[in-house]
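A.B. asks: My questions are about this predicted structure, shown below with the sequence.
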Number of protein chains: 2
Amino acid sequence: MEQTVEMKVIARIHSDFPAKFGIPRQSGLVDTRAKIIFEKEYRNPYAVRGLEEYSYLWLLWEFSESKRAEWSPTVRPPRLGGNKRVGVFATRSPFRPNPIGLSSVKLDKIEISNAYGPVLHVTGADLMDGTPIFDIKPYLPYVDSHPQASGGFADQVRGYQLKVEFPAQWKEKVPLEDWEILEEILAQDPRPSYQNDPDRVYGMRYNNLEIKFSVEEDVITVREVVEAIG
Amino acid sequence: MEQTVEMKVIARIHSDFPAKFGIPRQSGLVDTRAKIIFEKEYRNPYAVRGLEEYSYLWLLWEFSESKRAEWSPTVRPPRLGGNKRVGVFATRSPFRPNPIGLSSVKLDKIEISNAYGPVLHVTGADLMDGTPIFDIKPYLPYVDSHPQASGGFADQVRGYQLKVEFPAQWKEKVPLEDWEILEEILAQDPRPSYQNDPDRVYGMRYNNLEIKFSVEEDVITVREVVEAIG
């Protein structure tokens, strides 16, 4: 029997996250905007015909930045403090036997571009810029939506947010239209959760900017905003 | 840049559908029971630790019976009568660039078996017996559930059901505990929808049985139940 199957990259996402660090931990937590651009072979407007009738999409994508040679049966989810081990299939961790991510995103519009064919504009993606996409499916609420499903330990950590201190001198370095999104991203606590050092300054990339911050108790404070190098 | 990624088969489903024909068209439409058995390399109880706290799972699986050499930008969904073309990414059709299916199923229990390691008992799967599984993820209602999402043309066909006529002489050939499930499956209309011939007798496999039926208007009538060969 066949034990491996080859998946083709059909599209890539264009998002405001040039690096893995700082990306929201699940789709839909922050209203990040992104575009999906098909690879040349799949740039066919007919392939998305009818998709505009759906308000949400599923993206099946590659955890391209989280590859490990060996799979591990357990992982330590950052939201549980990073020291409790949970079975890999009981998490959405990227470190799983097959590097497939699953995210629902909101479909804002379909643009037919001369250069790129159909471009999907989406909100809520938790994908790094350039992430390879294997499949795009419509979200069917009558089979995909289970609002009463019990959510395991994820239930205990939903709604967790930090207060954001963003001094005006640094805020003005960020384009006005990005203020709200960036504050939402910071409120989600982009630290690796097993660290807890109020003096430590972290940096995360947002577009061409490096956002430096620290966290003390439940407050995240922006320390500096500089242009990123490279 | 990498254009293909290899996926490993980590598990297979064991369901009551030995053939493709007759399988419910989406997960959750019928309360079919099935078991997920891990491939040898992945039979580790630690890998499912914590999964019992979730009531639903995502299965990412291979459309192993629906392979075509070339992808087609449009498909003709059976529920639309089979003659309207829709973009492949606006459907859940198996005939897509990558043969990945996505189904949410209810987790009934996790059995730790001496022979097979952890075995997941699930309800609502729309997978053929033996279908290869690439990944199992917990269903997270706070990110995966969008009950208000608009469902495109699928909205118009949800709730569609046939009346089932199942004469006692044939019903008694089916184990009592399977009556309800089998009637639900028949009510979903297992015909290829572009056919509409009341005299035609179809056969579908259910476990070791061949169920023969015909459809006239909105009534499906079982014509015969025989033991399947092969």
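C.D. replies: Thanks, I have it.
A.B. asks: For chain A, give me the ranges with low pLDDT.
C.D. replies: Filtered on pLDDT under 70, chain A yields the residue ranges A:1-2, A:152-159, A:193-194, A:230.
A.B. asks: What's the biggest helix in it, counting residues?
C.D. replies: helix A:179-187 (DSSP state H).
A.B. asks: quick one: strands adjacent to whichever helix or strand comes after it?
C.D. replies: The helix or strand immediately downstream of helix A:179-187 is strand A:202-206, counting by DSSP states H and E. Strand pairing for strand A:202-206, using DSSP bridges, gives strand A:209-216 (antiparallel).
A.B. asks: angle of the partner strand against helix A:179-187?
C.D. replies: For strand A:209-216 against helix A:179-187, the angle by axes from the mean of the first three to the mean of the last three CA atoms, to 10 degrees is 40 degrees.
A.B. asks: Which other helices and strands does the next helix or strand along the chain from strand A:209-216 contact?
C.D. replies: The helix or strand immediately downstream of strand A:209-216 is strand A:219-227, counting by DSSP H and E. In terms of contacts (3 or more CB pairs under 8 Å, 6 or more residues apart in numbering or on different chains; DSSP states H and E), strand A:219-227 is packed against strand A:163-165, helix A:168-171, helix A:179-187, strand A:209-216. (Glycine included, C-beta is placed from N, CA and C.)
A.B. asks: which residues are in contact with the second one?
C.D. replies: Read that as helix A:168-171. A:Trp179, A:Val222, A:Arg223, A:Glu224, A:Val225 (CB atoms under 8 Å, 6 or more residues apart in numbering or on different chains).
A.B. asks: hmm, 6 Å instead?
C.D. replies: A:Val222, A:Val225 (CB atoms under 6 Å, 6 or more residues apart in numbering or on different chains).
A.B. asks: cool, the last one as well?
C.D. replies: The contact list for strand A:209-216, computed with CB under 6 Å, 6+ apart, reads A:191, A:198, A:201-204, A:220-226, A:228.
A.B. asks: Likewise for the first one?
C.D. replies: Residues from elsewhere that reach strand A:163-165, judged by CB under 6 Å, 6+ apart: A:Glu183, A:Leu186, A:Ala187, A:Val219, A:Ile220, A:Thr221.
A.B. asks: Just the buried ones from those?
C.D. replies: Buried subset of these (neighbour count, 16 or more other CB atoms under 10 Å in any protein chain shown): A:Glu183, A:Leu186, A:Ala187, A:Ile220, A:Thr221.
A.B. asks: tell me which element A:Leu120 is part of?
C.D. replies: Judged by DSSP H and E, A:Leu120 forms part of strand A:117-123.
A.B. asks: what's the distance between A:Ala187 and chain B?
C.D. replies: Note on A:Ala187: its distance to chain B, by CB to the nearest CB, to the nearest Å, is 16 Å.
A.B. asks: what's the nearest residue to that residue if we skip its chain neighbours?
C.D. replies: A:Gln161 (4.6 Å; CB to CB, 6 or more residues apart in numbering or on different chains).
A.B. asks: Check A:Asp218 too.
C.D. replies: Nearest non-adjacent residue to A:Asp218 (CB to CB, 6+ apart): A:Leu162, at 5.5 Å.
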